[in-house]
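J.: here is a sequence together with a model predicted from it:
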Amino acid sequence: MSAGPSNRSPLAGLVACAAVVAVSAALLGFDLGARVLATNDEARFPVMARDILAKGHWLLPETSGTPMLNKPPLHAWLIALGAWPTGTVSQRAAVVPSFVAALGVVATTCWIARRLFGAGVDLTAGLIVATTAGVFAMARSPVPDMTLSFGIVSALAAFVAAELDGHREAWLAFYGLVAVACWAKGPAGLLPIAIGLAYEVATFGGRGVARMRVGTGAAIVLALVAPWWLIAANAGREQFFQDVVRADLMQGYNPMRALAWRRVVGPLGSAASILFPWSLALPFAVFWVARRWRTESAAGERLALVWALTVFIAVAASSRQRWRYYLPLCVPGALLTAAWLGSRRMGLGKAAPLAACLVAAAILTVGEVYLTARDNRRIEFQSLARALDRAPAPVFALKAPELVFSFYLDRPIPAISSLAELPGVDGPVYLIAREPPAGDAFDQVAESVVRGRRFVLWAKR
């Protein structure tokens with residue numbers, strides 16, 4: 001099966017892709033590392049990377065002395081490798097892998113768009129995906145979602161080569177890249193298989209499933225992914241069952257949990273905001289594709305629409321809802337919008353889409369500068385750092401973002417949920433909490449602010 005015109009110049013495509021990536025690098029990297037890490041989710045993988053460099057725990061990186069078992073360590077490895085030359089996991093080094101992955105997403109989007117829709121659309125699609133709110137924000141974040149998205153879009157590029165170009169060897173690359181996506185963020189990395197199956201069924205019916213060689217593919221993915229899960233399960237059987245099997249797999253991916261009206265409205269709002277400002281044009285693109293659905297020349301449009309719908313349904317059905325989970329929607333959204341803008345029916349030249357990308361970039365840049373300055377003003381760690389300087393006493397966090405404090409104070413800070421969990425330690429003990437601990441044994445030493453919330457360092461002499 002073929003999609004898009006056949007008279008494409010590989011050299012011209014490389015030049016266009018290189019230009020888009022260069023522009024995207026300037027757009028996504030102008031303030032790289034400027035935003036302070038303010039949540040446990042943001043600090044988790046940088047803390048794991050620091051443990052890798054300091055203690056060599058490559059397979060089971062630790063946070064505050066406890067192995068992190070509910071997510072594979074690929075993203076922590078990338079942060080550690082990026083910080084290897086200096087030996088320091090800085091605020092900037094923590095976000096470099098996401099930045100590089102974002103450029104990979106842009107480049108791969110260009111390739112897919114050129115393959116599916118022809119020359120010209122690749123430039124527009126690359127710029128659109130770079131100027132979605134999701135890619136713009138997550139390229140500056142140390143969480144693994146951008147690495148996951150790069151794994152997903154790379155796997156779908158292999159799917160295009162295998163299914164639409166007929167390169168049978170590309171199926172090996174497809175399933176291998178699915179495994180890479182799984183190493184980035186667990187079962188969410190299986191999304192490309194769901195997308196591929198949905199496309200095959202939509203195009204060929206039930207017989208289309210056999211085209212994907214699912215049996216062989218499942219064996220490849222299992223062989224590449226299972227080793228870490230077995231190591232993690234053996235390292236902490238009870239913790240692995242509670243954090244991974246029960247909390248993550250059985251509850252997090254269970255669509256029947258937390259059923260409510262907001263479960264219908266919330267995903268739509270998240271999808272619209274992560275695709276902003278291009279979500280304003282996407283409904284028109286979807287309507288255009290729906291009208292072309294069954295035409296022989298619409299294989300590319302059909303794949304992009306199936307891709308978007310599969311991602312949205314899979315993420316929306318999950319009981320655990322976060323804005324960044326919808327990041328994989330940005331690529332199919334960009335492909336649909338670019339194809340619609342590039343259609344003859346639109347009657348637009350190249351200047352109009354490029355001008356729209358410029359406006360989108362300006363809006364997102366102004367918003368990023370404002371939000372970074374505002375949020376950084378609401379964070380202060382220096383007082384705690386000075387108070388704990390050269391203090392050998394252990395520090396605990398009571399209902400506080402312990403990983404954030406661990407990262408900026410550069411010491412392990414275990415989390416506790418009550419004072420009863422404090423171990424019997426001879427000598428002084430420090431506690432970070434918002435409220436005064438019960439009793440008169442603790443004295444206030446210093447204050448800090450995280451996301452506008454006041455936290456106090458208490459000392460037990």
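T.: Ah, there it is. On a predicted model such as this, the values are computed, not experimentally measured, just so you know.
J.: so where is the stretch 351-461 of the chain shaky, pLDDT-wise?
T.: Along the stretch 351-461 of the chain, segments meeting pLDDT under 70 span 425-426, 439-440.
J.: and the strands in it?
T.: Per DSSP state E, counting those that start in this stretch, the stretch 351-461 of the chain carries strands over the ranges 395-398, 415-416, 429-433, 442-450, 453-460.
J.: which of the ones you listed sits closest to Thr132?
T.: Shortest distance between Thr132 and the strands of the stretch 351-461 of the chain, using C-beta to C-beta, is found for strand 442-450: 28.3 Å. The C-beta positions use only the backbone N, C-alpha and C, and glycine is treated the same way.
J.: could I get the strands of the stretch 351-461 of the chain as TSV with distance to Gly266 and mean neighbour count?
T.: TSV is the format used below for these (distance: least, C-beta to C-beta, whole Å; neighbours: other C-beta atoms under 10 Å):
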stretch	distance to Gly266	mean neighbour count
strand 395-398	30	22
strand 415-416	28	19
strand 429-433	32	21
strand 442-450	26	17
strand 453-460	24	18
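J.: could you dump those to a markdown table with distance to Trp58?
T.: Formatted as a markdown table, those follow (distance: least, C-beta to C-beta, whole Å):
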| stretch | distance to Trp58 |
| --- | --- |
| strand 395-398 | 26 |
| strand 415-416 | 24 |
| strand 429-433 | 29 |
| strand 442-450 | 30 |
| strand 453-460 | 32 |
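J.: which among these is found nearest to Glu200?
T.: Set against Glu200 and scored by C-beta to C-beta, those come closest in strand 415-416, at 45.6 Å.
J.: packing partners for the closest one?
T.: strand 395-398 (3 or more C-beta pairs under 8 Å, 6 or more residues apart in numbering; DSSP states H and E).
J.: any idea how far Gly300 is from the residue nearest to the spatial centre of the chain?
T.: Per C-alpha atoms, centre = their mean, the C-alpha nearest to the average position across the chain is that of Asp145, at 1.0 Å. Per C-beta to C-beta, to the nearest Å, Asp145 is found 26 Å from Gly300.
J.: and Ala290, by the same measure?
T.: According to C-beta to C-beta, Ala290 stands 14 Å off from Gly300.
J.: of those two, who's got more company?
T.: Using other C-beta atoms under 10 Å, the more surrounded residue of Ala290 and Gly300 is Gly300, with 25 against 12.
J.: once you drop chain neighbours, what's closest to the more buried one?
T.: Closest residue to Gly300 apart from its sequence neighbours, by C-beta to C-beta, 6 or more residues apart in numbering: Leu116 at 3.0 Å.
J.: that neighbour touches Leu303, doesn't it?
T.: Yes - contact criterion C-beta atoms under 8 Å: Leu116 and Leu303 qualify, at 6.8 Å.
J.: separation between the residue lying closest to Arg378 once chain neighbours are set aside and Ala298?
T.: In this structure, Arg378 finds its nearest non-sequential neighbour in Gly452, 4.2 Å apart by C-beta to C-beta, 6+ apart. Look at Gly452 and Ala298: by C-beta to C-beta, they are 50 Å apart.
J.: out of these two, which sits in the busier spot?
T.: Set Gly452 next to Ala298 and count neighbours by other C-beta under 10 Å: Ala298 wins out with 18 against 11.
J.: so, low pLDDT: which residues of this protein?
T.: The low-confidence ranges in the chain, as defined by pLDDT under 70, are 1-12, 245, 247-263, 344-350, 425-426, 439-440.
J.: before we move on, back to that, out of the strands of the stretch 351-461 of the chain, which gets nearest to Ile220?
T.: Closest to Ile220 of these, according to C-beta to C-beta: strand 415-416, at 38.2 Å.
J.: who's in contact with that closest one?
T.: Ser64, Phe396, Ala397, Leu398, Ala400, Glu402, Leu422 (C-beta atoms under 8 Å, 6 or more residues apart in numbering).
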